[in-house]
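Novice: Okay, here's the prediction I keep looking at, along with the sequence it came from:
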Amino acid sequence: MSGATPRETRQQALAEEREDVLRLARGGLLNLAGAASFGLFGLALTVVVSRALSAGGAGVFFELVAVYTIGATLSNLGTSVGLMRGVARARALGRTHELRSLLVIALVPTAVISSLVAILIFVLAPHLAELLFDEAH
């Protein structure tokens, strides 16, 4: 027997639930702050680039950003979603000892593919430049 009364047990459960809700709210607030800062910095970058470069130069810059974004997204292989689910599941089931192997399994292929994409872009840069940009740029 634990010696705790039903009322104390209920109060403890409510306190733990409240702590979980507060932790969730803090995480949501951090995500909101991150998304807001991402948007603001993206807007600031757009303003700075468009004012600092000519229309053609800004276009080239944003085309390069698009190529980079596509390469990074393809290289990601969906690991962010998989890790979010896998880490949450492992923690919920009390299998935190599996987290290290889960990270290795997720991140090693991503690092290899990212490196291959970077090498491929480097090697094919002249051809990509001919395809994406006119000679003036």
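Specialist: All right, it came through fine. Numbering: from 1, shown residues only.
Novice: Give me the pLDDT for the residue nearest to Ile113 when sequence neighbours are not counted.
Specialist: Closest residue to Ile113 apart from its sequence neighbours, by Cβ to Cβ, 6 or more residues apart in numbering: Ser75 at 5.0 Å. The C-beta positions use only the backbone N, C-alpha and C, and glycine is treated the same way. The per-residue pLDDT reported for Ser75 equals 82.
Novice: Going forward, the N-terminal residue is numbered 35.
Specialist: Okay, residue one is now 35; in that scheme the one you just asked about reads as Ser109.
Novice: hang on, isn't Ser109 packed against Leu154?
Specialist: No. In this structure, Ser109 is not within contact of Leu154 by Cβ atoms under 8 Å, at 10.4 Å.
Novice: higher neighbour count, these two?
Specialist: Using other Cβ atoms under 10 Å as the criterion, Ser109 and Leu154 rank with Ser109 on top: 18 against 12.
Novice: What distance do you get for that one to Ala38?
Specialist: Using Cβ to Cβ, to the nearest Å, Ser109 is found at 52 Å from Ala38.
Novice: Could you find the residue nearest the spatial middle of the protein?
Specialist: Closest to where the C-alpha atoms of the chain average out (Cα atoms, centre = their mean) is Ser114, at 6.2 Å.
Novice: Right, I'll call it a day here.
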